[in-house]
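Asker: Need the 3D shape of this:
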Amino acid sequence: MHPRPLVPVPDSSAATATGERHDLEDVIDCILKITPDDGRVSVAAFMAAIGERSFGPLILVPSLIALSPVGAIPGLPAITSVIILIFATQMLLGHKHVWLPLWLKRRTIDGAKLDKGLNTFRPVARFVDHLLRPRLTLLTRGPFRTVIVLTILAVALVTPVLEIVPLGGIPPNAALVAFALAITARDGVWALLALAFTLGSLLLVAGLF
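Answerer: Purely as a prediction, here's the structure:
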């Protein structure tokens, strides 16, 4: 499968200005629309499908894939962590458009496994969507937003290490999903929940040493 051309992605402030909202199930549907019945789907195809979305959903996609049953594929958590690190760094630097190196955009994942894993995760996504709403928005903007992005960077760095522990990847990937949801839905409650998952990840790291 040939990667689709990268479509520039505006900063999340643009999505906020238009009142656009990206539910978790909506993101899953977006991924499944580009997932072939057989064959493989590229990172570039993901980015093209989410082209007009903000940094939040672009961070959400790899973290969601890593949290879903698909994340059990060897080597996949490392790839999703690298993608998240690149996106979060650009977000921290105030970039207006998302960029990934060509070698990373060409990385692919088995379409059938992705379809099965995300459909398994769908009931959870639907439940989470009912809990999302703009609240405590102060915790998702200004200096708090910077803290969120810095925490995302830290969590993405330790996630591959925790994957060596059985089920160890769940807390950090759950934190990344929660942070991404907090950014896209402007929901400060999810930012606090993400910090709780982050604490769990730090405790796991401490237990390894």
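Asker: contacts and neighbour counts: CA atoms only from here.
Answerer: Fine.
Asker: So residue 41: helix, strand or coil?
Answerer: The three-state label given to residue 41 by DSSP: H, G, I helix; E, B strand; the rest coil is strand.
Asker: what pLDDT does it get?
Answerer: Residue 41 is assigned a pLDDT of 85 by the prediction.
Asker: For the remainder of this discussion, apply numbering that starts at 56.
Answerer: Yep, numbering from 56; the last one is residue 96 now.
Asker: State the distance from it to residue 166.
Answerer: Applying CA to CA, to the nearest Å, one obtains 6 Å for the distance of residue 96 from residue 166.
Asker: where exactly do the strands run in this structure?
Answerer: The residue ranges that make up the strands of the chain, judged by DSSP state E, are 95-97, 163-165.
Asker: any idea of the mean pLDDT for the last one?
Answerer: Right, strand 163-165. 85.
Asker: Can you tell me the strand partners of it and which way each runs?
Answerer: Looking at strand 163-165 with DSSP bridges, its paired strands and their directions are strand 95-97 (antiparallel).
Asker: Quick check: buried residues in the strand it pairs with?
Answerer: Applying a neighbour-count criterion of 16 or more other CA atoms under 10 Å, one finds 95, 96, 97 buried in strand 95-97.
Asker: Which residues are in contact with the nearest residue to residue 133 once chain neighbours are set aside?
Answerer: Counting by CA to CA, 6 or more residues apart in numbering, residue 215 is the residue found nearest to residue 133 once chain neighbours are left out, at 5.4 Å. Contacts were defined as CA atoms under 8 Å, 6 or more residues apart in numbering; by that measure residue 215 touches 132, 133, 136, 224.
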